Structures are given as structure tokens and as C-alpha cells.
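> sequence and predicted structure are below.
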Amino acid sequence: MKIEAFQTLDAVVRGGSFAAAAQAMHLTPSAVSMQMKQLEQYLGRPLFDRSGQQVRVTPAALELVGTMRPALDALQTLRHRTPTSVAGHLKIGMIEMLQPLLLPPAIAHTRRVYPGLHIALRRGTSMELTEAVRAGQLDAAMVARPASGAPSGLEWTPLIRCELVFIAPPLDEPARARPLTAARQRAQLVELMRSLDWIRYNRATTTGAMATRFVRGMVPQKRSLMELEGAAAIVAMVHAGLGFSVLQVLNRALFEQYPVRVIGLGKDAPHFDMCIVRRSGDVNDRLHQAWNEALRAALVEAKLAIQPVATPAATAGFP
């Protein structure tokens, strides 16, 4: 059982709810719930009374927190007491869409906390960077994990779950929001796809390949007007009324700069996990742990919820 689960339980007890723990730990509420269920399975006893409207901690949970809290506090103190013991070089890969959001705060964190850790950066697609890690050309990379066919001999640490969305040119006048059935939403998307040109995300990327499967699943014969790799360029094109796209945009400030219609794809939206990938034997190395800490700090600063994932993400569309 990972130590993060005990830290999350401590946050639940301190905050009084799963929602408060999610905010304190920078997780989604569903991720907190999943961690707590895993911890209950590990211990073989209930830690929460779920019979009422509100979840309440059991005496067993309080006993566990009382036992673990001194050790957790001591571990946190120890980790912050010896930052200068980390010294060395890491060759790191990061896909381009993550660099503006995560690279500046991650490097700032390493300079402040681990000044002896030096990072050499390489960019590329998820497939290229993953292969470079497997071949020993990179020590680690932050990439989109493929739904299937991931190379063996690698360790994947999920950090963010990303859902694809549909974007279309903005309306002249804001439409009155009203709930749509799944069938009506599907019909609306098909109508938009048929009437607008398709600004395709680079199909050589994980996002682009998933988006292509989704669009072709809805409108099989649809052809793209052009194919671009940067989310900023695609959102700007859609904002200008030149077509629609299906993509993942982590930097939601783009929608403020280039207003567009953003349509969610429902509970079965195509999604993938953004992961740190490393060779299996390197996972517990102190340099890797320091870089992992820097990335998590960057995710917090970027206001992106860290979400543990139990199983590899599956790609799905509308039924």
C-alpha cells in the first residue's frame, strides 16, 4: 500500500470530509474515494460509516491515523531536511503541450529545493519519448500513456487524467443552456461535424489518434481541412470560424484568449492518462523521486488535479 493513501486518510480526518481531503491533497474527490476503498481492502476493515447522508470515520480510522501521523510527520521533516543530498543529472523528455504549464514551475522547484539536480530537456511526441526512455536515451519522460501496446520493461506513474472535448466557433449570441439527452447530443455533434471543416490534431500524437478515431466513428467519411500539432493554433483557427476540432486542452486560458464553444463528450468521452514513464529499475532512485516531487509541485501550481489511476485508460466514444 502506497504511503500516499495514509496521507490522504490523515487529510480526511483533519478536514472532516472527502472534499476537504481532495482539496488538501490536490486530488479529485473520486480519487480520494478510490484510495480509501483500497486502504480498507488492504486493512480488511471499514474505515468509514457510509450508512448516513454523510460519510463518518470509524474508530478504526482514528486509531490508524493516530498510529501513522507521527511517522508521516517525521518522514515529511526528514525529506525537507536533506534536499542538498540530491545531486546529479537527469535527461528528461516532455511533450510540447505540457512544457508551458509544467516546465517553469518544475525547474523552479528543483533550483529551490534540489540545487544539485540538473535537468537536460528533450521534446517530442509521446511515442518518440517513450521509445527514447526504453532505449536508455532518456532517464524519464512525461507523456500520454497509450491505451494499449505500451512497451514492456517500463514503469508508468499516472498523474493527470485528460478528457478530449469538442470545440466549435463561438455563437454570435450566447445560447440558452438546456440539458440534452445523449442521443440529442450525438445528433448535435454529427450535425456540426458535417457542416464545419475539420481542424485535425496531429494524428501522430496520442491525442490526435484518439480524436481521429472519435470523429471517424461519428462521421466516417470526414476529411480534414488541415492538420496541426499545437493546441493554441487549433483553438485560434476554430475561434476564427474556420472549423471544429476534437482535442485536449490543459491550458484553459486558451479559451479565454480565443473564445470557442466547448462541448463535453459525456461520460464515455475519450480519455488518456498523462504519466511519468521510466525504466523499471530506476523508479526508486533518489534523483527520480526528486524530479517526481518537482512535477507534482508544478501540477499543484498549474491547478491540475493529480489523479491516481487503477488501470490503463481505455478509449471510448459514443455508443
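Alright, I've got the coordinates. Numbers count the residues shown, from 1 in each chain.
> residues contacting residue 237?
Listed by C-beta atoms under 8 Å, 6 or more residues apart in numbering, the contact partners of residue 237 are 199, 226, 228, 243, 245. Every C-beta, even on glycine, is put in place using the N, C-alpha and C of the backbone.
> how near is it to residue 258?
For residue 237, the distance to residue 258 (C-beta to C-beta, to the nearest Å) stands at 9 Å.
> one step back: which among the contacts of residue 237 count as buried?
Neighbour counting over the contacts of residue 237 (16 or more other C-beta atoms under 10 Å) leaves 199, 228, 243, 245 as the buried ones.
> mind picking the two most distant members of the residues you listed?
Maximum pairwise distance in the buried ones among the contacts of residue 237, criterion C-beta to C-beta, is 10.7 Å, between 228 and 243.
> which parts of the helix or strand containing residue 41 are buried?
According to DSSP states H and E, residue 41 maps onto helix 29-43. Residues 31-36, 39-40 are the ones in helix 29-43 that count as buried (16+ other C-beta under 10 Å).
> just put these in a markdown table and tack on pLDDT and distance to residue 279.
Listed next are these as a markdown table, based on pLDDT from 0 to 100; distance: C-beta to C-beta, whole Å:
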| residue | pLDDT | distance to residue 279 |
| --- | --- | --- |
| 31 | 83 | 26 |
| 32 | 86 | 30 |
| 33 | 87 | 32 |
| 34 | 87 | 27 |
| 35 | 88 | 26 |
| 36 | 90 | 31 |
| 39 | 89 | 29 |
| 40 | 91 | 33 |
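> closest to residue 166 among those residues?
Checking those against residue 166 by C-beta to C-beta gives residue 31 as the nearest, at 25.3 Å.
> what is the helix holding residue 41 packed up against?
Counting by 3 or more C-beta pairs under 8 Å, 6 or more residues apart in numbering; DSSP states H and E, the packing neighbours recorded for helix 29-43 are helix 3-15, helix 18-25.
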